[in-house]
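Enquirer: what's the 3D shape of this:
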Amino acid sequence: MTTQTMSDWNLDPTHSEAQFKVKHLVISTVTGSFNKFESHLSKENENWENTNVTFSVDVNSIDTNNVDRDGHLKSADFFDVANHPNMTFNSTEFKMTGENIYNVTGNLTIKGVTKEVTLIATFGGEMVDPYGNHKAGFEVTGEISRESFGLTWNAVTEAGGVVVGDNVKLTFNVQYVLNK
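Expert: So this is what the prediction gives:
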């Protein structure tokens with residue numbers, strides 16, 4: 001018999017990162033990150049199954065290690081941060097699919113467009129830190145089509161290639177702390 005134990009967890013931002021990768025000119029990959037984001041888990045079971053996840057990203061915190069590119073990404077050509085300052089994810093299902101592996105399905109909203117996506121969450125474990133805080137870690141990965149979220153800007157090279165790829169790989173290494 002499974003014991004029901006509700007617990008709430010907040011993101012530990014100093015031990016978490018949100019990154020993405022996208023092809024540039026189809027020949028290389030550009031990596032970017034978001035420096036400001038928050039998340040909350042409401043855990044229902046010992047094994048994390050049925051956990052509720054919310055995640056919000058401050059799009060203005062985008063960082064691709066290039067100020068001009070970051071400015072272009074913030075513009076109406078891409079994220080349009082003036083009108084859509086946040087990206088959000090709200091889970092609808094958190095299902096165990098293997099040992100320490102979960103499919104996390106939910107509604108992702110980017111630039112005012114909401115689509116259902118499924119991400120893979122690998123549970124890294126739980127630990128009590130030197131200060132007595134109970135922590136849990138996950139690596140979350142997935143891939144989305146940027147164009148399906150209205151991020152359609154592109155340019156064509158002389159050779160007929162595109163400047164920015166459509167598929168965006170997402171990686172979130174996140175650590176949560178149990179609310180006392």
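
Enquirer: Specify the beta-bridge partners of the residue lying closest to E17 once chain neighbours are set aside.
Expert: Leaving aside its sequence neighbours, E17 sits nearest to N173 (C-beta to C-beta, 6 or more residues apart in numbering; 5.1 Å). (Glycine included, C-beta is placed from N, CA and C.) Beta-bridge partners of N173, counted by DSSP bridges, are E17, E139.

Enquirer: Per-residue pLDDT of N173, please?
Expert: Note on N173: pLDDT of 97.

Enquirer: Hmm, it is touching D12, no?
Expert: No: judged on C-beta atoms under 8 Å, N173 makes no contact with D12 at a distance of 11.1 Å.

Enquirer: contact partners of stretch 98-109?
Expert: If you take C-beta atoms under 8 Å, 6 or more residues apart in numbering as the criterion, stretch 98-109 is touched by 48-49, 53, 87-97, 114-125, 140, 144, 149.

Enquirer: Name the residues of whatever helix or strand R69 lives in that are buried.
Expert: Assigned by DSSP states H and E, R69 belongs to helix 67-74. Across helix 67-74, burial judged by 16 or more other C-beta atoms under 10 Å covers R69, D70, L73, K74.

Enquirer: hang on, the earlier thing: looking at the contacts of stretch 98-109, which are in helices?
Expert: Assignment to helices by DSSP state H places none of the contacts of stretch 98-109 there.
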